[in-house]
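Undergrad: What shape does this take:
(4 chains)
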2 protein chains.
Amino acid sequence: MSIDVGAHLRAVRQMYGLSQRELAKRAGVTNGMISLIEQNRVSPSVSSLKKVLDGIPMSLSEFFTLDLAQAPQVFFGSDELTNLGSDDVSLRLVAARRPNRAMSILHECYAPGADTGEEMLTHKGEEGGVVVRGTMELTVGGSSRVLQPGEAYYFSSSVPHRFRNPGREECEIISASTPPTF
Amino acid sequence: MSIDVGAHLRAVRQMYGLSQRELAKRAGVTNGMISLIEQNRVSPSVSSLKKVLDGIPMSLSEFFTLDLAQAPQVFFGSDELTNLGSDDVSLRLVAARRPNRAMSILHECYAPGADTGEEMLTHKGEEGGVVVRGTMELTVGGSSRVLQPGEAYYFSSSVPHRFRNPGREECEIISASTPPTF
DNA sequence: AGAAATCGTTGATGATTTTAAACACGGAGG
DNA sequence: CCTCCGTGTTTAAAATCATCAACGATTTCT
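TA: Numbering: from 1, shown residues only, chains lettered A, B, ... in the order given. Take a look at the predicted model:
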């Protein structure tokens, strides 16, 4: 069970201070329809839902991505980052326990020679980051490059990729990925 | 005109190597319906579209957020980051020209005393980051804190916020925000 | 208090979607 | 050649959604 479209629409509408009739008028649909949708007595067609959201206005993407229940921690001490790494790779996640995050932000440390494993990684979403200290060899699809401090990367995570620290020094990077990998 | 649901579903389905019948079977709907949706001869109800996507599987949120047209630059030299800052605040953006990015990743440098301006910032989305060097005073809503190197933050950008470098040293942070601010 | 306005809900009808079953096309193998 | 799969597409009937108009409840103003 994922999203309750009816309750969600109601919450969004009220958050924008609109009545069913007011929204219906802006959207060019009937108020009754909005009532039925909000009670989950019908499941609107995508085109109808789009018309309704246009009246707010809000995109379908925003609607399905938006999460209301949020009143979360903002500041994180260095020791409040959640450590997810193994022996030679430290992955420290910001806001780990925040439900329905849009991103994973990580403070990563790779020991000399450390890597993300034999197999190339493939998953949904996008990721990017900046090298802060040391050097990082990144392979994405066919191409590969050793990034120096201050250099950066950004790619679609569905393309097979792999990280490796080729240097004798520890490598530190700050990265972000969306939707959240961790 | 936003998204072409039919074409989009077709692209997603093919990306996962599924036939209409195969997907229909997994989703518990008929193959004909998928055909009609993909030709935009009908606009599916949200519940139907959800059933179809469950067969992939993919969430409604992902479906409406995902963008296909992508074959972009992966690696960025330090000098290939796009500088957006003013005199005392340097904002260097990763993958600036990539269309339909899901995130903005920034390498930011604040001169001593520099800030994001008198007014509190408010916009859609979420943002987070890690302090790499120097100190950063961050105010979010009512609360405020001075973050040290290695410390981090994450919050909803719709809450009024402000950054200021209170130290005598330059402050360097890596940040990410979604949807992209820049 | 009473009238007027606004709210969300409901029932019958017309419009649209969804199903089930058949169709047409193309490639693989006997 | 020709049947057997596998595609995706199409059609009529069944199911669901969207509209229109009316309803009861609540608030606002006279």
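Undergrad: Rounded mean pLDDT for the longest helix anywhere in chain A, please.
TA: Longest helix in chain A by number of residues, with DSSP state H as the criterion: helix A:5-15. Averaging pLDDT along helix A:5-15 yields 82.
Undergrad: relative to helix A:5-15, how tilted is the next helix or strand after it?
TA: Next in sequence after helix A:5-15, counting helices and strands by DSSP states H and E, comes helix A:20-27. Per axes from the mean of the first three to the mean of the last three CA atoms, to 10 degrees, the angle that helix A:20-27 makes with helix A:5-15 is 90 degrees.
Undergrad: then stretch A:111-128 to PDB, C-alphas only?
TA: The C-alpha trace of stretch A:111-128 is given here as PDB (Å, rounded to 0.1, in the frame of the first residue of the first chain):
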ATOM      1  CA  ALA A 111      41.000   3.800   2.600                       C
ATOM      2  CA  PRO A 112      44.000   3.500   0.100                       C
ATOM      3  CA  GLY A 113      43.100   0.900  -2.400                       C
ATOM      4  CA  ALA A 114      39.500   0.500  -1.300                       C
ATOM      5  CA  ASP A 115      36.700   0.200  -3.800                       C
ATOM      6  CA  THR A 116      33.000  -0.500  -4.200                       C
ATOM      7  CA  GLY A 117      33.600  -4.200  -5.000                       C
ATOM      8  CA  GLU A 118      34.200  -6.400  -8.100                       C
ATOM      9  CA  GLU A 119      30.800  -5.900  -9.700                       C
ATOM     10  CA  MET A 120      29.700  -2.700 -11.200                       C
ATOM     11  CA  LEU A 121      26.900  -1.000  -9.400                       C
ATOM     12  CA  THR A 122      23.500  -0.400 -11.100                       C
ATOM     13  CA  HIS A 123      20.500   1.200  -9.600                       C
ATOM     14  CA  LYS A 124      17.800   3.800 -10.100                       C
ATOM     15  CA  GLY A 125      18.200   7.500  -9.900                       C
ATOM     16  CA  GLU A 126      21.100  10.000 -10.200                       C
ATOM     17  CA  GLU A 127      24.200  10.600  -8.200                       C
ATOM     18  CA  GLY A 128      26.900  13.200  -8.000                       C
END
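Undergrad: Is it positioned near chain B?
TA: Yes. Applying CB under 8 Å from any CB of the partner chain, one finds that stretch A:111-128 is in contact with chain B at A:124-126, A:128. All C-beta spots, glycine's among them, are computed from the backbone N, C-alpha and C.
Undergrad: How about stretch A:15-28?
TA: No. Using CB under 8 Å from any CB, stretch A:15-28 stays clear of chain B, coming no nearer than 10.7 Å.
Undergrad: What's the end-to-end length of that stretch?
TA: Its first and final residues considered, stretch A:15-28 spans 20 Å by CA to CA, to the nearest Å.
Undergrad: Stretch A:89-106 now?
TA: OK, stretch A:89-106 end separation, CA to CA: 12 Å.
Undergrad: pLDDT of that stretch, averaged?
TA: 73.
Undergrad: what do you get for stretch A:50-60?
TA: Per-residue pLDDT values across stretch A:50-60 average out to 85.
Undergrad: Need the residues that contact it.
TA: A:9, A:12-13, A:16, A:18, A:23-29, A:33-34, A:37, A:44, A:46, A:49, A:63, A:66, B:2-3, B:64 (CB atoms under 8 Å, 6 or more residues apart in numbering or on different chains).
Undergrad: Determine how far the last residue of that stretch lies from the first.
TA: For stretch A:50-60, the separation between the terminal residues is 6 Å (CA to CA).
Undergrad: Downstream of the lowest-mean-pLDDT helix or strand in chain A, the next helix or strand is which one?
TA: Within chain A, confidence by mean pLDDT, DSSP states H and E is lowest for strand A:75-76 among all helices and strands, at a mean of 52. Tracing the chain past strand A:75-76, the next element assigned as helix or strand by DSSP H and E is strand A:82-83.
Undergrad: if we can go back for a sec, among the residues of stretch A:111-128 next to chain B, which are in strands?
TA: A:126, A:128 (DSSP state E).
Undergrad: Buried only: go through the residues of stretch A:111-128 next to chain B for me.
TA: If you count burial by 16 or more other CB atoms under 10 Å in any protein chain shown, the buried members of the residues of stretch A:111-128 next to chain B come out as A:125-126, A:128.
Undergrad: export those residues to a markdown table and tack on distance to A:R162?
TA: Shown next, in a markdown table, are these (distance: CB to CB, whole Å):
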| residue | distance to A:R162 |
| --- | --- |
| A:G125 | 17 |
| A:E126 | 17 |
| A:G128 | 16 |
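Undergrad: Export those residues as a markdown table, with columns for distance to A:T178 and pLDDT.
TA: Formatted as a markdown table, those follow (distance: CB to CB, whole Å; pLDDT from 0 to 100):
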| residue | distance to A:T178 | pLDDT |
| --- | --- | --- |
| A:G125 | 5 | 76 |
| A:E126 | 6 | 77 |
| A:G128 | 9 | 82 |
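Undergrad: out of these, which touch DNA strand D?
TA: Among these, none lies close to DNA strand D by the criterion of CB under 7 Å from any atom of the strand.
Undergrad: List just the nearest of those to DNA strand C.
TA: Taking CB to the nearest atom of the strand as the measure, DNA strand C lies nearest A:G125 of those, at 27.9 Å.
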